[in-house]
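K.L.:
The sequence and its predicted three-dimensional model are supplied below.
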Protein chains: 4
Amino acid sequence: MIIQLKKEIQDQEYQKLLNLLKNNSFKTRSVETQLGRYILALGNDNFDIRIVGNLPGVEDVHAVNDKHLLVSSKWKTSPTQISLGNGTSIGGGDFTLIAGPCAIEDKDKTEQTADFLKGQNIGIMRGGVFKPRSSPYSFRGTGLEGLKYFSEICHERGIKVVTEVMQPEMIEAMYPMTDVFQVGARNSQNFNLLDELGRLDKPVLLKRGLSGTLDELLYSAEYVFSGGNEQIILCERGIRTFEKAYRNTLDLNIIPLLKEKTHLPVIVDPSHGTGIRNLVEPMALAAIMTGADGIMVEIHPSPEKAMSDAKQTLGFEEMSILIQKIHKTIRFRQNELFAKKF
Amino acid sequence: MIIQLKKEIQDQEYQKLLNLLKNNSFKTRSVETQLGRYILALGNDNFDIRIVGNLPGVEDVHAVNDKHLLVSSKWKTSPTQISLGNGTSIGGGDFTLIAGPCAIEDKDKTEQTADFLKGQNIGIMRGGVFKPRSSPYSFRGTGLEGLKYFSEICHERGIKVVTEVMQPEMIEAMYPMTDVFQVGARNSQNFNLLDELGRLDKPVLLKRGLSGTLDELLYSAEYVFSGGNEQIILCERGIRTFEKAYRNTLDLNIIPLLKEKTHLPVIVDPSHGTGIRNLVEPMALAAIMTGADGIMVEIHPSPEKAMSDAKQTLGFEEMSILIQKIHKTIRFRQNELFAKKF
Amino acid sequence: MIIQLKKEIQDQEYQKLLNLLKNNSFKTRSVETQLGRYILALGNDNFDIRIVGNLPGVEDVHAVNDKHLLVSSKWKTSPTQISLGNGTSIGGGDFTLIAGPCAIEDKDKTEQTADFLKGQNIGIMRGGVFKPRSSPYSFRGTGLEGLKYFSEICHERGIKVVTEVMQPEMIEAMYPMTDVFQVGARNSQNFNLLDELGRLDKPVLLKRGLSGTLDELLYSAEYVFSGGNEQIILCERGIRTFEKAYRNTLDLNIIPLLKEKTHLPVIVDPSHGTGIRNLVEPMALAAIMTGADGIMVEIHPSPEKAMSDAKQTLGFEEMSILIQKIHKTIRFRQNELFAKKF
Amino acid sequence: MIIQLKKEIQDQEYQKLLNLLKNNSFKTRSVETQLGRYILALGNDNFDIRIVGNLPGVEDVHAVNDKHLLVSSKWKTSPTQISLGNGTSIGGGDFTLIAGPCAIEDKDKTEQTADFLKGQNIGIMRGGVFKPRSSPYSFRGTGLEGLKYFSEICHERGIKVVTEVMQPEMIEAMYPMTDVFQVGARNSQNFNLLDELGRLDKPVLLKRGLSGTLDELLYSAEYVFSGGNEQIILCERGIRTFEKAYRNTLDLNIIPLLKEKTHLPVIVDPSHGTGIRNLVEPMALAAIMTGADGIMVEIHPSPEKAMSDAKQTLGFEEMSILIQKIHKTIRFRQNELFAKKF
């Protein structure tokens, strides 16, 4: 059961409510997010929820037996929209483009990329400064120094910054320079990191694990939400299979199923998801048809010289063409395909 | 090396050519299909192909080092189109819809479905009469008797029949009633069956194996082609992964890669590929964007009563809506998205 | 429900029994094997089986709700033992070694190998004469001609022949020369082949599919048994996973689970199962500890020159050492480890 | 190239060496561990290593082109042995038993378990106090408080403590109470955590990722070693496959391959690795035959009441029987099977 509280609920009302739940064998968890205040009450399926619904201080009550409570679309039937403040938002009917290099390499290339995005009217730039690398001897990113100029260059141009956070203790230092905190596939079940990000008031972009199931992805999101942060974006990025023809197997099946099960926005990363440049365009356009809320694409001023992921990265010209096709496809999807449905 | 022969090549010229190849350490294989006559010459990569190209009786010669010779787009750069004779064709720019039940159940339902297809202007009906079933105690199909009325009902309406063949010895009996021979996922590497189908003059629809790789699928096609049958349609139908949220994981990544590597048409089966009714529409539309040449969908007059695959089967009304969306999406793809490219 | 019939059951008694079952809404299937005569009765779980147990002509009756009826250890609690007539048997407490080349290549090497086996007191030789190969241009075996000398060489030495059958129509020609019919991983769900092998009176060695589940393997065995052939040997041979360090991932977990669920013998093929010579010994010894009933190993007089599977094949000297270790390990397992338990 | 330095190397000699490497286009990394001091020099494969070998202050030099340098058996050919100080060691010929509950639950059960281990002469107890759980609403462990009594109870009895660390910032608080820091499957590529553990002087037990490859596991170990900690134990704990009959697919193939590629000890966790109680014994015994250096087993005073992993946990009596079989099998392996080889 999810109990939505009124903002003006009084302490006495709140205590009375908790006692009622306790007396009815519920275990409770209080959640306070940017948007609301909730009590999760678990453990008694035979309770008549109307008893709680009529109490003072209670806004609404939802009988959810789902395993994924707060992220479930069973209680929050309207899709969550996350506004970034620069006119860009994710979810809730918008389709959002995110682009940038795998790794931030230097000021010059970062400026070129940001200029390109501005020219293309793209409001979010991706770029890693802490790179999770299998080998300790690979390039591991430009660190906070890189993030500093990355964010300056972006913010000067009104572009928001999404970058990967790899450990809780870096959050504070990254906070002023980061607009969306990305959790990478390898950290998808780093529960301490998810707990910490639950205490933030900035959006979290959560990637599916390397062999992460749909259930696990929703549970990881539940960590963040139940920690107090409702601003969560889910991201499909390819899974591991026996097929060796591509680096990962981008799994678009999960998109319509996630859209059915959760109110959170879901985006797709066809660059990491396939590892092959020629597959980025068709899989990006396909993702739109599955109902994805956005696309995250790797671009670089000179892809062949990129310090990481060169084989899957688009150049600016390729990206311009893809952007046009994406815009056309979104318009088609919204105006023609589902015109009557929306 | 693939040597395309002229139809009017004389025996003497042919023998001379074979001798030349033998003397240059080639192993050769003669292939005669509905469309042409070829010699495959393997085993000598340092040979100057122009020597052969200038010989009388030789139409053209292609230096293909690819593992998949005859099905490769490296020598045959234009896509293969398979015409079924009733105005319906597959590949070569057309987008083809195939629909029908998982299994043919009785005359009445078959007529209803064929009528529906005719009304929708769909020229190919699918339907299994020999059902590969994990358990020997499951319904295993209506057999040749079912195929008889299935084909009569379809042919009366100008609809072509695609049905699964499970063993070489059934080909002869099925031949007069079957327009396209389907090879199921479990028989994808039944090489004797592929050999036999190579001797036919009717199209073969070849499904990817349950955990079949891209390479294996092309090799299986190579069996059919090198046996003498160029009319091959490849079909993605979902692979096995760790994800339990869907029956299979439909792998759209393979579509653009197959379209790059082979001249054969490639279609998608989102019904078996996902096993979930609600995923059929989004994955079908997504498949169009990846460049698929067609879609094969399971439909049934009353899906909930279908004897097999009830959970993934669409009713006629759902299918009508999907067909409209598919047509819109194809038009969009061809006219707007790739207008300048084609 | 499985009803075991007495051999002397009279037609009248049999008909009466069938009628009784019919009147109680059972679907029935009669199965007659080398060893017994059964009626499978499915579809009514509320029936009191004692009613049947007391009828004349009924030997015994077993209430099995399992999906895998005839192969289940729930009704036949003692393990099945398959005797080959030359003093060698599989299952029922014996541990059986099978060895030989991936493919029969010529008389000379076949004789060398058979001599080696005779010297080592191994009673079964494996060797493919029809090779399932992904590519149509690979060596596809020496065919019936190879099988002829393979069987002559073996039978002269009192060794039994196990070889792969790929299609029903070859069974008749292979029959006089074959002692155990092997079904390969790619044909593991070739149900027509399984049906035909069910009509034989010779043992069938059934390999797990490339990505075949435990349930599917048991169902495939059920095809053979319900077709009338109880002499079935199951074989684990590696599955497909994301791991690229080995050709296949030999899955020993399935052995103790199969031994729990079925009365059929289960053997392990560590050669195909790993694809790496150095892994054959440790995985073979490990298989013994999991309760396997035997091991099938690829050997060759000069492994590095083998026409197929050279990387996973042992030479005679390596095999001699492995055989000694296997014998020691079996003795250890039987005498010391489970001495009190058995 | 790995350059082993003498302990008494002088600063001047060290600088000269670094300059030489720099001038020859090497990138270098200094590593100082509990056992030695090294320079890793990467990036120049044409260098004559004898030039360095003859320099003062250099103990030895190894030309390793392997991707996994410090953990590779190519330079350190003798196996690493990790001594815990209580007479128990891991690797280097010893076989080590680790046992304990999935999660530490209370003092009483911890005492019972520690007493049982002491009685069985097992020197290491496992037990999680921070439990990584997919759902935020599952029991997440007793935390530092639990670790406090866990370590007291163990240390009073001369038993060493292995427990999972989930984040770098917990290391300091856990340090006095922890003898071996376990890195769980979900943190197998948490590179910040691995970096921090590289700075410790206590052993690290590193589990393979949920879908982690052999290469990734070795790279993760390389993080710890190159950070300065040589005391690393690798652990196979099951991978994700399509098979639904077991929770994970324990992959014993990796054991002999790891033993070939690295000098680090490798242990096996058949409890998590299969998720089925009945598979623990056969897979544990099988692991011994593949060359594993140890086994980690989940036990509990009353398995059916365990707060997590009840289905895969052994009771004390089952464990006693398994321990006897393990001891017998180890003796058999060491004395009879490989008597002449070791």
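P.N.:
Great, that's in hand.

K.L.:
Enumerate the residues of the stretch 151-300 of chain A near chain C.
P.N.:
A:211, A:240, A:241, A:242, A:244 (Cβ under 8 Å from any Cβ of the partner chain). In this view, the C-beta of every residue, glycine as well, is placed from N, C-alpha and C.

K.L.:
Leaving out the residues flanking it, which one is nearest to the first one?
P.N.:
Nearest residue to residue A:211, sequence neighbours excluded (Cβ to Cβ, 6 or more residues apart in numbering or on different chains): residue D:211, at 3.4 Å.

K.L.:
just the third one next, same as before
P.N.:
Distances taken as Cβ to Cβ, 6+ apart place residue A:249 nearest to residue A:241, at 4.5 Å, with adjacent residues excluded.

K.L.:
coming back round to it: please, a ChimeraX command that selects the buried ones among the residues of the stretch 151-300 of chain A next to chain C?
P.N.:
Those of these that count as buried under 16 or more other Cβ atoms under 10 Å in any protein chain shown are selected in ChimeraX with:
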select /A:211,240,241,242
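
K.L.:
picking up where we left off before, and the gap between the residue nearest to residue A:211 and residue A:101?
P.N.:
26 Å (Cβ to Cβ, to the nearest Å).

K.L.:
Next: residue A:134.
P.N.:
Taking Cβ to Cβ, one finds residue A:134 at 19 Å from residue A:101.

K.L.:
just the strands in the stretch 151-300 of chain A please.
P.N.:
Assigned by DSSP state E, counting those that start in this stretch, the strands in the stretch 151-300 of chain A fall at A:160-164, A:180-183, A:204-207, A:232-236, A:266-268, A:294-298.

K.L.:
I'd like those as a markdown table, with mean neighbour count and mean pLDDT appended.
P.N.:
Shown next, in a markdown table, are these (neighbours: other Cβ atoms under 10 Å in any protein chain shown; pLDDT from 0 to 100):
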| stretch | mean neighbour count | mean pLDDT |
| --- | --- | --- |
| strand A:160-164 | 24 | 98 |
| strand A:180-183 | 24 | 98 |
| strand A:204-207 | 27 | 98 |
| strand A:232-236 | 27 | 98 |
| strand A:266-268 | 26 | 98 |
| strand A:294-298 | 26 | 98 |
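
K.L.:
Of those, which is nearest residue A:63?
P.N.:
Nearest to residue A:63, of all these, is strand A:232-236, at 22.9 Å by Cβ to Cβ.

K.L.:
neighbouring strands for the closest one, and are they parallel or not?
P.N.:
Strand pairing for strand A:232-236, determined by DSSP bridges: strand A:204-207 (parallel), strand A:266-268 (parallel).

K.L.:
how about those in CSV, adding distance to residue D:59?
P.N.:
Formatted as CSV, the strands paired with strand A:232-236 follow (distance: least, Cβ to Cβ, whole Å):
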stretch, distance to residue D:59
strand A:204-207, 44
strand A:266-268, 53
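
K.L.:
To residue C:79, which of those strands lies closest?
P.N.:
strand A:204-207 (48.7 Å).

K.L.:
Off-centre distance for that closest one?
P.N.:
Centroid separation between strand A:204-207 and its chain, computed with Cα atoms, centre = their mean, to the nearest Å, is 4 Å.

K.L.:
number of nearby residues for residue A:74?
P.N.:
A count of nearby residues for residue A:74, using other Cβ atoms under 10 Å in any protein chain shown, gives 16.

K.L.:
Tell me which residues touch it, please.
P.N.:
A:62, A:64, A:66 (Cβ atoms under 8 Å, 6 or more residues apart in numbering or on different chains).

K.L.:
ok, the first one - contacts?
P.N.:
This means residue A:62. Taking Cβ under 8 Å, 6+ apart as the test, what residue A:62 contacts is A:1, A:2, A:3, A:4, A:49, A:74, A:75.

K.L.:
what's the pLDDT at it?
P.N.:
With respect to pLDDT, residue A:62 scores 92.

K.L.:
same deal with residue A:341?
P.N.:
41.

K.L.:
Please apply the same query to residue A:308.
P.N.:
Residue A:308 is given a pLDDT of 80.

K.L.:
Spit out the contact partners of residue A:232.
P.N.:
Per Cβ under 8 Å, 6+ apart, neighbours of residue A:232: A:71, A:80, A:203, A:204, A:206, A:221, A:224, A:225, A:264.

K.L.:
Name only those of the contacts of residue A:62 that count as buried.
P.N.:
Neighbour-count burial (16+ other Cβ under 10 Å) is assigned, among those, to A:1, A:2, A:3, A:74, A:75.
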